[in-house]
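A.B. asks: Take this sequence and fold it.
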Amino acid sequence: MAGQTFSLGKLCYDYATMRLIEKQQLMSAAEIDRTLQRLAHQIVEKSGGTRHLALIGIRRRGVPLAQRIARAMRGIDGVEVPVGTLDITLYRDDLSKVAPQAVLQSSHIAFPVDSLDLVLVDDVLYTGRTTRAALDALFDHGRPRRIQLCVLIDRGHRELPIEAGFVGRTIHTTNNEMIEVKLQETDGADKVLLAERVAEGQ
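C.D. replies: Below is the predicted model:
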C-alpha cells in the first residue's frame with residue numbers, strides 16, 4: 001500500500017506513514033465458535049437441509065471458516081457438506097491497489113457446482129468488491145442454482161449493492177478503522193480485533 005493516500009475530511013495521509021493501533025478485542029475464541037455454530041444452524045434451516053448445499057471459502061480466512069461451519073453442519077444433519085476453496089485474486093477490480101505483485105493461490109472445487117445451493121464464506125464484508133470478484137470466479141466453474149453469502153463480520157461501508165444473508169456480527173466502523181480476524185489455522189489464535197490507522201508520531 002506504500003505510496004497510496006487517503007483523505008479524511010481536509011487531511012490527507014500516506015499509507016507509508018501510517019501504523020495500526022489495536023483498540024479492542026471484539027470476539028474471543030469461544031465467541032467465534034458460538035457464532036459459527038449459530039451460522040451453521042441458520043444456513044441449514046434457511047436452505048431446507050443440506051442435501052443440495054455446498055460451502056465455498058474465499059481465500060484466505062474464509063476457507064477455515066467454511067470448514068468449521070461444515071463440521072458444525074455435520075453435527076446437525078449428520079451429513080458431510082462439501083467445501084471448496086476459491087482464490088479471487090485475478091478477478092479483483094482493485095488488484096493494483098491490493099499489492100504490487102499478485103500472490104496466486106489455487107482454487108479447489110472438487111464437485112460440480114451446477115444446480116447446487118452455494119454459500120460463499122468470508123471473514124469480513126466491507127466494500128463488497130471481494131464478493132463481486134468471488135461471484136465472477138464461481139461462474140467460471142458453472143451455474144449454481146443459488147448463491148448466498150455468509151460472513152463472520154459485516155463492517156459496513158459498501159461500495160457495491162451486495163449484502164450477506166448470514167452475518168455473525170455487525171460492527172460499525174469508521175473508514176480509518178480495520179477489523180482483524182485471526183484464526184488458529186492461519187494465525188495461531190482465534191480472536192477478532194478492532195484496530196485503527198494513525199499517522200506516525202500521533
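A.B. asks: On the secondary structure side, give me the element for the residue positioned nearest the centre of the chain.
C.D. replies: Geometric centre of the chain, nearest residue: Asp122, 2.1 Å, by C-alpha atoms, centre = their mean. Assessed by DSSP states H and E, Asp122 sits inside strand 117-125.
A.B. asks: and if you look at Ala72?
C.D. replies: Going by DSSP H and E, Ala72 is in helix 62-77.
A.B. asks: Hmm, Gly165 and Lys46 touching each other?
C.D. replies: Yes - between Lys46 and Gly165 there is a contact at 7.2 Å, judged by C-beta atoms under 8 Å. C-beta coordinates here come from the backbone N, C-alpha and C atoms, glycine included.
A.B. asks: tell me, which helix in the chain spans the most residues?
C.D. replies: In the chain, assigned by DSSP state H, the helix with the most residues is helix 29-47.
A.B. asks: Walk me through which strands the next helix or strand after that one pairs with, and which way each runs.
C.D. replies: Per DSSP H and E, the first helix or strand lying C-terminal to helix 29-47 is strand 53-58. Strand 53-58 pairs in its sheet with strand 83-86 (parallel), strand 117-125 (parallel), by DSSP bridges.
A.B. asks: returning to what we had before: dump the helix holding Ala72 to PDB, keeping only the CA atoms.
C.D. replies: In PDB, the C-alpha atoms belonging to helix 62-77 read as follows (Å, rounded to 0.1, in the frame of the first residue of the first chain):
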ATOM      1  CA  GLY A  62     -12.900 -17.800   4.500                       C
ATOM      2  CA  VAL A  63     -11.500 -21.300   4.000                       C
ATOM      3  CA  PRO A  64     -11.100 -22.300   7.600                       C
ATOM      4  CA  LEU A  65     -14.400 -20.600   8.500                       C
ATOM      5  CA  ALA A  66     -16.200 -22.600   5.800                       C
ATOM      6  CA  GLN A  67     -14.500 -25.800   7.100                       C
ATOM      7  CA  ARG A  68     -15.600 -25.100  10.700                       C
ATOM      8  CA  ILE A  69     -19.200 -24.400   9.600                       C
ATOM      9  CA  ALA A  70     -19.300 -27.600   7.600                       C
ATOM     10  CA  ARG A  71     -18.200 -29.500  10.700                       C
ATOM     11  CA  ALA A  72     -21.000 -27.900  12.700                       C
ATOM     12  CA  MET A  73     -23.400 -28.900  10.000                       C
ATOM     13  CA  ARG A  74     -22.300 -32.500  10.200                       C
ATOM     14  CA  GLY A  75     -23.300 -32.300  13.900                       C
ATOM     15  CA  ILE A  76     -26.700 -31.000  12.900                       C
ATOM     16  CA  ASP A  77     -27.700 -33.300  10.000                       C
END
